[in-house]
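**Q** 3D model of this:
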Amino acid sequence: MSDPQSIRQHIGKKDSSLSPTPAQNPFQTRGFGKGIQARSAQLPTTNLLQTRGFGSPPQPSLQQQEPADIQTQRERAEQFGYNAADIPTFASGGTQLPPTNPALAVAEQIRNRYNAAQLAESGQNETVQRRKDGQQTKMSPDQIKHANRIRKARGLELLSIPQPANQNPPAVADQTASTVESQNAHNLKIPQILKELKSWNAVKECYLTTPDIMKKFAEYRKWYVDTKINELRKKYPTLIAKSVGSTDLSSDYDITVSTPETGEDVEAVNDFNNIVKSEFGVQPGTLFDTNLYAKDFLKVEGNIKADNQQQLAADKDLLQPENGLKEFSNLDQDVAALVKQRRFMNQTEWDKYTQTVVQNISDPEQAKAILKQYEEADGIYQIAAYELLSEVKQGLSSKRQSELKKQARKELGVEEQKVLKNIKDNNLRDEIEAQLLGEQELHLISHQQGDVVLEKSNQIYVQRMRQVRVLQTLINQPEDASDSEINSMKTEVKKLLGEACFFASEAYHSEGAVKHVVAGLQGPNSAQALAQLTPEHILQSYNEQLGDFLKDIVHYTPQEQKPNGSAGITFYRSSKYLYRLFDAVLEIKKRPQFQDLYLDIEAKSGQLSNLASAVKSELLAIRKGEKKFDSEEQRNQAAIEFVKSQFQVDSGENLKKTILKMSIDFNQKVRNKLSFTTDEETRKEYFKNVKITDSSRR
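**A** Residues are numbered from 1 along each chain as shown. This next block holds a predicted model:
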């Protein structure tokens, strides 16, 4: 781990009293610092269109790889416990993949190439199963000629023209043995496919409709990830690892790790990412839909067993601040959850959403404090997004950067263009335009070169978590620090965790979301964990579920306009977060001060308990594959009919509008009963102690 004294310089905070007074301008710009700054005690009220400075590697070539012989497969099985051999070929006549997606274009090439090779290497009287019509056909002489051209190019023995069938075929036992040997010799290897596809999304495109095959990919993923974790335990002996979440074939396989009291879990995450990149050329989140997270708010209770018996120290939950700083920390967690929403709204959407929430807060002081929460979330998002985009653009050529900016300008919405047109000051207009273009650039490059963005995100996440671990070391080894200083450092740890998780792929940012979903909905002691949630926790989780719901809407809605596109995909793919969002509402209604909570959506869609139950049993069941359909079209249609019946909408965009309206209603009614102001003495204590801790380590 890096020297605590040197890293300590990067985590100091400044009181807002040291910040210059902003000019009163409706389009006030915000300068970007070199890192994410701490909460300002007096955050200025500004227009949310504040500026920030925003300023492709080619796909690896495909290489032909010969399958390993049978003996090699057996040796692998003995050595590694998995030979990755028993996987059938791509089904011929399958769905054509969109050529605009590089990974799926590669998948299509592989599909065509290996189907041809499989045909070419089949025995002369063997049959090939056709999925399209369920019939078996023999190779014609013309097909054999074509196959021989392929075999010749690959240095294989040529086939002969078939003779009339033998009236005395070999014994069944001999046929079976020959067939098994042939299948083992010609079946594709999972690692080989993954090295060429380099994308779990592409794997699902090819195989999700054939569960037996997809299951083998999922089994290989688990075997590979668990094996690498056990290898890391040789370097980090106290490593605890836990997988959470669903086991259905469409789900991810994410792991949380901890090394109690050492901070080495962050280095283990970094090593794992680098190992996968070195072996497959991409990040684990791209290749396997697997992300490793360092411990955050909850203790890690491992369920990935070590190869050898480990003597592990018991892990512990995150140390919590006490007294007034406990409430102060809740405000930080509220902001962290709002950052997730901001990430998947554009600037004008965010402005309107914020203003609508705040305008119906009855207490003027609370309204002012809540507005600061949303403004701070916007500020943290802008700074983090700028940092990420800057890191990504360093690896792009000047030509590519110019193309990206041109694309971004075309993507600006009508409302953004209207805002720019109404700004008379040329310099200010240029700054606002750069801000809006930067946001679009990040969205574009995340879509076009997702693994490049993910790699930079992972690297920044590790850097941020190293800072968290240094601060935790100072807490555990306080030397001459006072109780008050330690309490402030505990508060700072929670804030830094939320900021670090911005860069962790698909991670929850806030304590409330982690406790609600990971400990509550997915944990072994669900009822107890849910009962311990505070209203603040539940509000945080609701807002993070909304952010993740918006993420799926942003991702899937554009596909509705493509040929054969369907809103049904949008509906069932976003259902996981839609259900969790409803569950958060039901959970907060169990608290005494919210038992009478009634949301306007209930007038149209019925009681929330019934709505949540229906989403889980119908829409979420479709997503998990628990409901069986004969075709993707039937699956999509079932999702469309459900959403029409429950929400009276038929597109992803309209469902988004419905849920945003409900979220405004929820936030107004919940926030009106909670406090978002801070005690002056507590605020002073926090900023004083953070500065003292920083200066003492310089």
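
**Q** The helix or strand that contains Ser457: which residues count as buried?
**A** Taking DSSP states H and E as the definition, one finds Ser457 inside helix 450-476. Neighbour counts over helix 450-476 (16 or more other CB atoms under 10 Å) mark 450-458, 460-475 as buried. For every residue, glycine as well, the C-beta is placed using N, CA and C.

**Q** and that helix, what other elements does it pack with?
**A** Secondary-structure packing of helix 450-476 (3 or more CB pairs under 8 Å, 6 or more residues apart in numbering; DSSP states H and E): helix 4-8, helix 264-280, helix 284-287, helix 364-393, helix 426-448, helix 483-501.

**Q** Need the pLDDT of the most centrally placed residue in the chain.
**A** For the chain, the residue sitting closest to the mean C-alpha position, by CA atoms, centre = their mean, is Glu506 at 2.4 Å. If you check Glu506, the pLDDT there is 90.

**Q** So it is in contact with Tyr253, correct?
**A** No. Judged on CB atoms under 8 Å, Glu506 makes no contact with Tyr253 at a distance of 11.8 Å.

**Q** Show the average pLDDT along the host helix or strand of Ala513.
**A** Assessed by DSSP H and E, Ala513 sits inside helix 511-513. Helix 511-513 carries an average pLDDT of 96.

**Q** contacts for it?
**A** Applying CB atoms under 8 Å, 6 or more residues apart in numbering, the set of residues contacting helix 511-513 from outside is 297, 318, 333, 337, 494, 533-534, 536-541, 544-545.

**Q** Alpha carbons of stretch 627-643, as CSV, please.
**A** Extracted in CSV, the C-alpha atoms of stretch 627-643 (Å, rounded to 0.1, in the frame of the first residue of the first chain):
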residue,chain,number,x,y,z
LYS,A,627,-41.9,-17.8,-18.0
LYS,A,628,-41.5,-19.9,-21.1
PHE,A,629,-42.3,-18.7,-24.6
ASP,A,630,-41.9,-20.2,-28.0
SER,A,631,-40.2,-17.1,-29.5
GLU,A,632,-38.7,-13.8,-28.6
GLU,A,633,-41.7,-12.1,-30.2
GLN,A,634,-44.1,-13.8,-27.8
ARG,A,635,-41.9,-12.8,-24.9
ASN,A,636,-41.8,-9.2,-26.0
GLN,A,637,-45.6,-9.1,-26.6
ALA,A,638,-46.3,-10.5,-23.1
ALA,A,639,-44.2,-7.7,-21.6
ILE,A,640,-46.0,-5.1,-23.7
GLU,A,641,-49.4,-6.3,-22.7
PHE,A,642,-48.5,-6.3,-19.0
VAL,A,643,-47.2,-2.8,-19.1
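
**Q** what's the spacing between it and its chain's center?
**A** 25 Å (CA atoms, centre = their mean, to the nearest Å).

**Q** quick one: buried residues of that stretch?
**A** By neighbour count on 16+ other CB under 10 Å, the buried set for stretch 627-643 is 627, 635-636, 638-640, 642-643.

**Q** and of those residues, the nearest to Gln341?
**A** Among those, Val643 lies closest to Gln341 (CB to CB), at 21.6 Å.

**Q** To Ala603, which of the helices and strands packed on helix 450-476 lies closest?
**A** Smallest distance to Ala603 across those (CB to CB): 25.6 Å, for helix 364-393.

**Q** Can you report how many residues neighbour the closest residue to Tyr556 other than its chain neighbours?
**A** Spatially, and ignoring its direct neighbours in sequence, Tyr556 is nearest to Thr570 (4.1 Å; CB to CB, 6 or more residues apart in numbering). By other CB atoms under 10 Å, 27 other residues sit near Thr570.

**Q** what about Thr570, helix or strand, and which?
**A** Using DSSP H and E, Thr570 falls in helix 567-573.

**Q** ok, which stretches of the chain are strands?
**A** 127-129, 136-138, 240-243, 255-258, 292-294 (DSSP state E).

**Q** remind me which residues of the stretch 201-350 of the chain are low pLDDT?
**A** 245, 308-311 (pLDDT under 70).

**Q** Ignore what I typed, I meant the stretch 551-698 of the chain.
**A** Within the stretch 551-698 of the chain, the stretches with pLDDT under 70 are 690-698.

**Q** The same query, at a cut-off of 80, please.
**A** For the stretch 551-698 of the chain, the stretches flagged by pLDDT under 80 are 682-683, 685, 687-698.

**Q** And the helices in it?
**A** Counting by DSSP state H, counting those that start in this stretch, the stretch 551-698 of the chain has helices at residues 567-573, 575-588, 602-605, 608-614, 620-624, 632-647, 652-671, 680-696.

**Q** Lys222 and Asp307: what is the separation?
**A** Lys222 sits 15 Å away from Asp307, going by CB to CB, to the nearest Å.

**Q** Neighbour count for those two, which is higher?
**A** Remark: of Lys222 and Asp307, Lys222 carries more neighbours, 17 against 12, as counted by other CB under 10 Å.

**Q** from memory that one sits against Tyr253, does it?
**A** Yes. With contact defined as CB under 8 Å, Lys222 reaches Tyr253; the gap is 6.2 Å.

**Q** Could you pull out the residues contacting both of those two?
**A** By CB under 8 Å, 6+ apart, no residue touches both Lys222 and Tyr253.

**Q** OK, contacts around the residue lying closest to Asn330 once chain neighbours are set aside?
**A** The shortest distance from Asn330 to any residue other than its chain neighbours is 4.7 Å, reached at Glu536 (CB to CB, 6+ apart). Under the criterion of CB under 8 Å, 6+ apart, the contact list for Glu536 reads 330, 333-334, 512, 674.

**Q** circling back to that earlier point, show only the entries of the contacts of helix 511-513 found in helices.
**A** 333, 337, 494, 536-541, 544-545 (DSSP state H).

**Q** Most neighbours out of these, which is it?
**A** Gln540 (31 neighbours).

**Q** mind checking how far it is from Val517?
**A** 11 Å.

**Q** now Thr677
**A** 29 Å.

**Q** Comparing those two, which residue is more hemmed in?
**A** For Thr677 and Val517, the more surrounded residue by other CB under 10 Å is Val517, and the numbers stand at 24 against 14.

**Q** distance between the helix holding Thr570 and the chain's centre?
**A** For helix 567-573, the distance to the chain centre is 18 Å (CA atoms, centre = their mean).

**Q** Return the list of helices and strands in contact with that helix.
**A** Secondary elements touching helix 567-573 (3+ CB pairs under 8 Å, 6+ apart): helix 535-556, helix 620-624, helix 632-647, helix 652-671.

**Q** Contacts for that helix next, please.
**A** 552-553, 555-557, 559-560, 619-620, 622-623, 635-640, 642-643, 650-652, 655.

**Q** same deal with stretch 317-332?
**A** 39, 295-299, 373, 472, 475, 487-488, 490-491, 493-495, 497-498, 511, 536, 675-676, 678-679, 681-683, 685-686.

**Q** Which of those are buried, as a ChimeraX select command?
**A** To isolate the buried ones among those in ChimeraX, judged by 16+ other CB under 10 Å, type:
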select :39,295,296,297,298,299,373,472,475,487,488,490,491,493,494,495,497,498,511,536,676,678,682,683,685,686
